[in-house]
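Colleague: Have a look at this prediction, sequence included:
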Amino acid sequence: MVKKWILKAVVQKTISFLPFNHHINYFFQKYVTKGVYLSEEYFYDRLGHARDHLNAYTRRSNEEYPKICLEIGTGWYPIVPISFFLAGAERIYSVDISFLTSKNRLLTTLIMLEACYSKGLLSYYYQVDPERMDKVKELIANIKTMTLEEVLEELHILYLIEDARKLSLKDDSIDLINSNNTFEHIYPKVLIPILKEFKRIVKKRGGVMSHFIDMSDHFAHFDKTINIYNFLQYSDIEWMSIDNSIQPQNRLRIYDYKKIYADLNIPINQETFRAGDIEELKSIELDLKFATHDLKEVAISHYHLVSY
């Protein structure tokens with residue numbers, strides 16, 4: 001029997017050649033792989049990211065919260081941008097390759113945040129401005145009569161559907177730039193100019209960049225018969241025949257990201273990582289590209305790096 005991940009790879013590869021491929025992929029994941037529902041696990045994971053981004057900023061700055069924020073790769077559910085709104089941010093830019101959210105997905109996010117607040121759990125992640133939460137409750141009640149754009153404006157969120165390598169933002173203008181498991185989907189030839197652009201727009205005084213990276217094989221999230229290092233067995237040529245443009249995986253390891261940052265003269269002031277499982281890694285016959293490196297570094301599966 002063909003493995004689930006191979007079937008998903010073939011379908012996404014095919015979809016990637018079609019018009020409106022991201023919308024088609026959404027329906028594929030919604031009705032076939034069941035991968036776009038907002039689960040509690042994903043919701044609380046993103047709340048943890050929001051907390052860590054805000055903490056990274058407040059440790060660097062004398063301010064209680066960042067006023068101007070930017071997130072790249074927000075995706076279906078804007079949990080982190082709305083969290084920044086609840087913390088007090090004046091403007092939150094969301095940069096993405098296409099407009100992936102909707103009024104229903106936005107409403108789902110608002111309802112889950114309000115429920116988390118009502119249970120007294122949200123304060124464990126960040127300090128909520130009560131007036132901002134009142135606004136969230138008001139939006140939940142009135143969202144049916146509002147356009148998506150009106151709801152986003154009330155949340156101080158502005159989507160920028162544009163090339164992240166050439167953003168329409170001023171130099172030295174953003175307090176906090178963040179991403180959440182996005183970098184692993186961007187190949188170096190695009191990621192490097194994006195980071196150069198981030199370096200241009202982040203504030204030179206007090207500005208912070210905070211990025212979470214998931215370096216595991218994302219097909220393993222769907223197919224439990226493979227482990228998170230499965231994709232490291234393939235050569236670059238083999239992987240390009242498998243990978244797709246909808247949800248690409250660059251397979252970069254921690255040492256690759258560190259080199260990119262060093263080459264761009266972007267400091268890494270704080271970093272945490274998940275060590276991974278060496279024995280699981282050894283169960284894979286690694287391609288030479290990975291086998292020649294320190295296996296402890298190859299095995300690292302998740303990375304959070306902060307720069308200022």
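Modeller: Here it is on my side, so go on.

Colleague: got the contact list for residue 285?
Modeller: Counting by CB atoms under 8 Å, 6 or more residues apart in numbering, residue 285 touches residue 233. C-beta: built from backbone N, CA, C; applies to glycine.

Colleague: Could you say which helix or strand holds it?
Modeller: Using DSSP states H and E, residue 285 sits in no helix or strand.

Colleague: Give me the phi and psi for it.
Modeller: phi -80, psi 100 (degrees, to the nearest 10).

Colleague: With residue 51 as the reference, measure out to it.
Modeller: Distance of residue 285 to residue 51, computed by CB to CB, to the nearest Å: 39 Å.

Colleague: swap in residue 92?
Modeller: 16 Å.

Colleague: Looking at the two, which one has more neighbours?
Modeller: Taking neighbours as other CB atoms under 10 Å, residue 92 and residue 51 compare with residue 92 leading, 26 against 17.

Colleague: Report the buried residues of the host helix or strand of the more buried one.
Modeller: Per DSSP H and E, residue 92 falls inside strand 91-95. For strand 91-95, burial by neighbour count (16 or more other CB atoms under 10 Å) applies to 91-95.

Colleague: Make CSV out of those residues and add pLDDT.
Modeller: Below are these laid out as CSV (pLDDT from 0 to 100):
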residue, pLDDT
91, 98
92, 98
93, 98
94, 97
95, 96
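
Colleague: Please produce TSV containing these, extended by distance to residue 166.
Modeller: Output for these, formatted as TSV (distance: CB to CB, whole Å):
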residue	distance to residue 166
91	20
92	20
93	14
94	17
95	11
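
Colleague: Can you say which two of the residues you listed are spatially most distant?
Modeller: 91 and 95 (13.1 Å; CB to CB).

Colleague: what bridges to the residue nearest in space to the middle of the chain?
Modeller: The chain has residue 180 as the residue nearest its centroid, 2.5 Å off, counting by CA atoms, centre = their mean. Note on residue 180: beta-bridge partners by DSSP bridges are residue 212.

Colleague: ok, then the element right after the lowest-mean-pLDDT helix or strand in the chain?
Modeller: Lowest by mean pLDDT, DSSP states H and E among the helices and strands of the chain is helix 21-28, with a mean of 55. Using DSSP H and E, the helix or strand that follows helix 21-28 in sequence is helix 40-60.

Colleague: Export that following helix to CSV, keeping only CA atoms.
Modeller: Taking only C-alpha atoms (Å, rounded to 0.1, in the frame of the first residue of the first chain), the coordinates of helix 40-60 have been written out as CSV:
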residue,chain,number,x,y,z
GLU,A,40,-6.7,23.2,20.7
GLU,A,41,-3.2,21.9,20.4
TYR,A,42,-2.4,24.3,17.5
PHE,A,43,-4.2,27.2,19.2
TYR,A,44,-2.3,26.9,22.5
ASP,A,45,1.0,26.4,20.6
ARG,A,46,0.5,29.7,18.9
LEU,A,47,-0.4,31.4,22.1
GLY,A,48,2.9,30.2,23.4
HIS,A,49,4.6,31.7,20.4
ALA,A,50,2.8,35.0,21.0
ARG,A,51,4.0,35.0,24.6
ASP,A,52,7.6,34.3,23.7
HIS,A,53,7.6,37.0,21.0
LEU,A,54,6.2,39.6,23.4
ASN,A,55,8.7,38.5,26.1
ALA,A,56,11.5,38.8,23.7
TYR,A,57,10.4,42.3,22.9
THR,A,58,9.9,43.5,26.5
ARG,A,59,13.3,42.1,27.5
ARG,A,60,14.9,44.3,24.9
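
Colleague: I appreciate the help and will end here.
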